[in-house]
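1. only geometry, no sequence info:
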C-alpha cells in the first residue's frame, strides 16, 4: 500500500496528474538554477528507476518465500516509513512549505540509513533478492542523500542566508565535500555496495553539469562535484574488491 501511495504521490509531484512540478513549486526554490547545489533537471529521471525498484520490492516481499524471512520482516517498517515520508515531502513542497520539507527529508534519510544498514548486515537469499532489495534501497539512499543537501541549501537561500561573509562558491564546495564523505561512509559500511555509489554519483554529476552549463555558474562547485564522484566510485570499488578477497580467503580457510 505504501508503494502505491508513493507512486501516486510521484505523479502529483511531477505535475503529471494535477500538481505543480517540484522545480516550479515552493517559488522555484528547488529549480535547477535556484542554488549552487541544485542538480540539473535531468537528474530527477532517476526517480523512475527508484519507483520501479520499489514496486518490484513490494511484490518480492509478499511472495511466500519472503513472507517469513527475518530480513524482510526487519526491512518492512523502515522502507514503508520512507515511502510515507516521501509523499509527505512532496506534499510539503506542493503546499509551499519549504521549511517543513527539511525535517521531513531528514527523517526520510534516517529511515533509509536504517534500511540500508539492515540490508547490509543481513544476507540476501538470492541474486534477485540482492538486486531488488539491496539495489533499490541503495539507489534510494544515494539519491536522497544528494536531495537532502540540495533541500537544505534551498531553504537557507530562500530564507536569505548570506553565509557569514563566506563566498557561495566556498559554501557549495564544503557541502559537496560533505556529500563525498557520506559516500565514503556508505561505501565502507555497505562493504562496497554499488547502487548507492551510482545514485550519489549521478546526483553529484548533475550538480556539476548544472554549474558548468547553466545558471548560476560555478566552476569550483562543478570541479568539487566531479572529484567527489571519482572518490566515491573509486572508494566503492576498492572496498568491494577487498571485501571479495576477504570472503574468498575465509572460504578457502
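-> Thanks, I have it. Just so we're clear, the structure is a prediction, and the values are computed from it rather than from any experiment. Residues are numbered from 1 along each chain as shown.
2. which regions of the protein sit below the pLDDT cut-off?
-> Across the chain, the ranges flagged by pLDDT under 70 are 1-19, 246-253.
3. which one is the residue nearest the centre of it nearest to, not counting chain neighbours?
-> Closest to where the C-alpha atoms of the chain average out (C-alpha atoms, centre = their mean) is residue 143, at 1.9 Å. Excluding the flanking residues, the one nearest residue 143 by C-beta to C-beta, 6 or more residues apart in numbering is residue 199, at 4.3 Å. Every residue, glycine included, has its C-beta placed from N, CA and C.
4. and the helix or strand hosting residue 71, what does it pack onto?
-> Per DSSP states H and E: residue 71 is located in helix 70-94. Contacts defined by 3 or more C-beta pairs under 8 Å, 6 or more residues apart in numbering; DSSP states H and E place helix 70-94 against helix 2-14, helix 46-62, helix 98-121, helix 136-158.
5. repeat that with 10 Å
-> helix 2-14, helix 46-62, helix 64-67, helix 98-121, helix 136-158 (3 or more C-beta pairs under 10 Å, 6 or more residues apart in numbering; DSSP states H and E).
6. switch those over to a markdown table; also include distance to residue 228.
-> Shown next, in a markdown table, are the helices and strands packed on helix 70-94 (distance: least, C-beta to C-beta, whole Å):
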| stretch | distance to residue 228 |
| --- | --- |
| helix 2-14 | 27 |
| helix 46-62 | 17 |
| helix 64-67 | 36 |
| helix 98-121 | 18 |
| helix 136-158 | 10 |
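7. re earlier: quick check: buried residues in the helix holding residue 71?
-> For helix 70-94, the neighbour count (16 or more other C-beta atoms under 10 Å) marks 71-72, 74-75, 78-94 as buried.
8. okay, the angle between that helix and helix 98-121?
-> If you take axes from the mean of the first three to the mean of the last three C-alpha atoms, to 10 degrees, helix 70-94 sits at 160 degrees to helix 98-121.
9. starting at the chain centroid, how far to stretch 61-76?
-> Relative to its chain's centre, stretch 61-76 lies at 24 Å (C-alpha atoms, centre = their mean, to the nearest Å).
10. from residue 141, how far off is residue 40?
-> With distances taken as C-beta to C-beta, to the nearest Å, residue 40 is found 21 Å from residue 141.
11. again, but for residue 27
-> Residue 27 is 28 Å from residue 141, by C-beta to C-beta.
12. again, but for residue 220
-> To residue 141, residue 220 is 27 Å away according to C-beta to C-beta.
13. all helices of the stretch 151-253 of the chain, in order?
-> Secondary structure of the stretch 151-253 of the chain, counting by DSSP state H, counting those that start in this stretch: helices at 168-189, 194-213, 219-252.
14. among those, which is nearest residue 155?
-> Relative to residue 155, the nearest member of the helices of the stretch 151-253 of the chain by C-beta to C-beta is helix 168-189, separated by 12.7 Å.
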